[in-house]
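Enquirer: compute the structure for the input listed below.
(one chain, ligands or ions: 2)
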Amino acid sequence: MSLPDTYDGTVGLAIIGGTGISRLDGFKTVASLTITTPWGTPSSPVVILEAPSGAPVAFIARHGVNHQYTPSEVPARANIAALRSIGVRAIIAFSAVGSLREEIPPRDFVVPSQIIDRTKGVRPATFFEGGVVGHVGFSDPFDAQIGRIIKSCEGALVGGSKIHEGKTLVCMEGPQFSTRAESKLYRAWGGDIINMSVLPESKLAREAEIAYAMICMATDYDCFRDDAPPVNVPEVLAHMKANATNAQHLVGHLLEELVKEEHVDVLAGATLKESAKWAITTSPAGISPEAKQRLNFLFPDYFPLD
Ligand SMILES: CSC[C@H]1O[C@H](OP(=O)(O)O)[C@H](O)[C@@H]1O
Ligand SMILES: Nc1ncnc2[nH]cnc12
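Expert: Ligands and ions are numbered 1, 2, ... in the order given. I've put the predicted structure just below:
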């Protein structure tokens, strides 16, 4: 039976699935939305699921349902804009990562607190361009409160997997993995884990006033260990199979926890409310009509159409 392609309610929370998580099982699926944004179409339909509490949750497969977009090709602006347009104010993103530390073995999870940007400027990375200029703060890229809630659900993980906190995530361009020299350099810089996906996704979420946290799932030791074979896709996918099962357990607990009354501000993105409005430096009269049209899609309250 095909799913409805409209959903009337507001959806406050979204999950972005990465490698090995192209759908979320175990929840009632209530709609599958095809959303067109001024930045194109998202990497997958926006699927609306129902949490056990009945609260709606949106889901997007970052690399597409068949994993057809490379990390550099992911239409991150369309993904984030589509989520914002249905009311999303909090995102929990999943990512398969390499570990740069012995103490983070494959199958452990990490909630990072910092990012080192090693992308190469080839990914469109802002909503504020082409007739409008804006600068949002990004000193602390992840939502700490959501991070704490994720950590509080650690008991949901099976097989002895742990959740590490306060770690630094290196984001590289890819799609090729790092050289050994790069892997060692990132360790010397203080990098703890590495992926190809957190940027620009997290920056765009910040611009769109959406609280963002990432659940990183270790799949390999990258290639800093001279005594071990370097990261390779079969290794990543083998660990991702176990990680995906654990992610499913974690999401079940998280959704129950997040909908509690005490977390209502988190799901409302309260800490970022109106931040974009104050980040824009172009004088209102100077914003081009095309830019205004695009901003209206994200922020209809601040940028109504004349
Ligand atoms: C298949 S290994 C490299 C690939 O895995 C991660 O993807 P995602 O973050 O979407 O789980 C990493 O960022 C790379 O894109
Ligand atoms: N070693 C690695 N480097 C970059 N992205 C990854 N994703 C999973 N493992 C990775």
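
Enquirer: which parts of stretch 154-165 are buried?
Expert: For stretch 154-165, the neighbour count (16 or more other CB atoms under 10 Å) marks 154, 156-157, 161, 163-165 as buried. (Each C-beta comes from the backbone N, C-alpha and C, glycine too.)

Enquirer: show me those that map onto strands.
Expert: 163-165 (DSSP state E).

Enquirer: what residues does the chain put near ligand 1?
Expert: 18-19, 62-63, 71, 95-96, 174, 195-197, 233, 236 (CB under 6 Å from any ligand atom).

Enquirer: helix/strand/coil for the spatially most central residue of the chain?
Expert: For the chain, the residue nearest the mean C-alpha position is residue 93 (3.4 Å; CA atoms, centre = their mean). At residue 93 the chain is in strand, as set by DSSP: H, G, I helix; E, B strand; the rest coil.

Enquirer: quick one: it from residue 19, how far?
Expert: As judged by CB to CB, to the nearest Å, residue 93 and residue 19 stand 12 Å apart.

Enquirer: which pLDDT value goes with the closest residue to ligand 1 within the stretch 1-150 of the chain?
Expert: Residue nearest to ligand 1 within the stretch 1-150 of the chain: residue 18 (2.4 Å; CB to the nearest ligand atom). If you check residue 18, the pLDDT there is 96.

Enquirer: hmm, residue 96 and it touching each other?
Expert: Yes. Here residue 18 lies in contact with residue 96, judged by CB atoms under 8 Å, at a distance of 5.8 Å.

Enquirer: pLDDT of stretch 119-132, averaged?
Expert: 97.

Enquirer: does ligand 2 sit close to it?
Expert: No. Taking CB under 6 Å from any ligand atom as the criterion, stretch 119-132 and ligand 2 are apart, separated by no less than 11.7 Å.

Enquirer: what residues sit buried inside that stretch?
Expert: So for stretch 119-132, counting by 16+ other CB under 10 Å, buried means 119, 123, 125-128, 131-132.

Enquirer: among those residues, give me the pair with the biggest separation.
Expert: The most widely separated members of these are 119 and 131, with 24.4 Å between them, by CB to CB.

Enquirer: any idea how far apart the tips of stretch 195-207 sit?
Expert: 21 Å (CA to CA, to the nearest Å).

Enquirer: with stretch 131-141 instead?
Expert: 26 Å.

Enquirer: cool, stretch 105-124 as well?
Expert: Stretch 105-124: ends 33 Å apart by CA to CA.

Enquirer: quick one: that stretch to chain centroid distance?
Expert: Going by CA atoms, centre = their mean, to the nearest Å, the spacing between the C-alpha centre of stretch 105-124 and its chain's C-alpha centre is 11 Å.

Enquirer: can you check stretch 33-46 too?
Expert: In terms of CA atoms, centre = their mean, the centre of stretch 33-46 is found 16 Å from the chain centre.

Enquirer: going along the chain, name the strands of the stretch 101-250 of the chain.
Expert: 109-118, 163-172, 193-195, 211-220 (DSSP state E, counting those that start in this stretch).

Enquirer: what mean pLDDT does the third one get?
Expert: Confidence over strand 193-195, taken as the mean pLDDT, stands at 98.

Enquirer: which SSE is the closest residue to ligand 2 within the stretch 1-150 of the chain in?
Expert: Ligand 2 sits closest to residue 98 of the stretch 1-150 of the chain, with a gap of 2.3 Å, by CB to the nearest ligand atom. Element membership for residue 98 (DSSP states H and E) is strand 90-99.

Enquirer: that strand pairs with which strands?
Expert: Using DSSP bridges, strand 90-99 pairs in its sheet with strand 13-17 (parallel), strand 193-195 (antiparallel), strand 211-220 (parallel).

Enquirer: and residue 70, helix, strand or coil?
Expert: When classified by three-state DSSP, residue 70 comes out as coil.

Enquirer: excluding its backbone neighbours, what's nearest it?
Expert: Closest residue in space to residue 70, ignoring its immediate chain neighbours: residue 175 at 4.9 Å, by CB to CB, 6 or more residues apart in numbering.

Enquirer: and that neighbour, how many neighbours?
Expert: By other CB atoms under 10 Å, the residues close to residue 175 number 10.

Enquirer: surely it touches residue 196?
Expert: Yes. Under the criterion of CB under 8 Å, residue 175 makes contact with residue 196 at 7.0 Å.

Enquirer: so what sits against both of these two?
Expert: 71-72 (CB atoms under 8 Å, 6 or more residues apart in numbering).

Enquirer: quick check: residue 55 touching residue 256?
Expert: No. Using CB under 8 Å, residue 55 is not in contact with residue 256, being 9.9 Å away.
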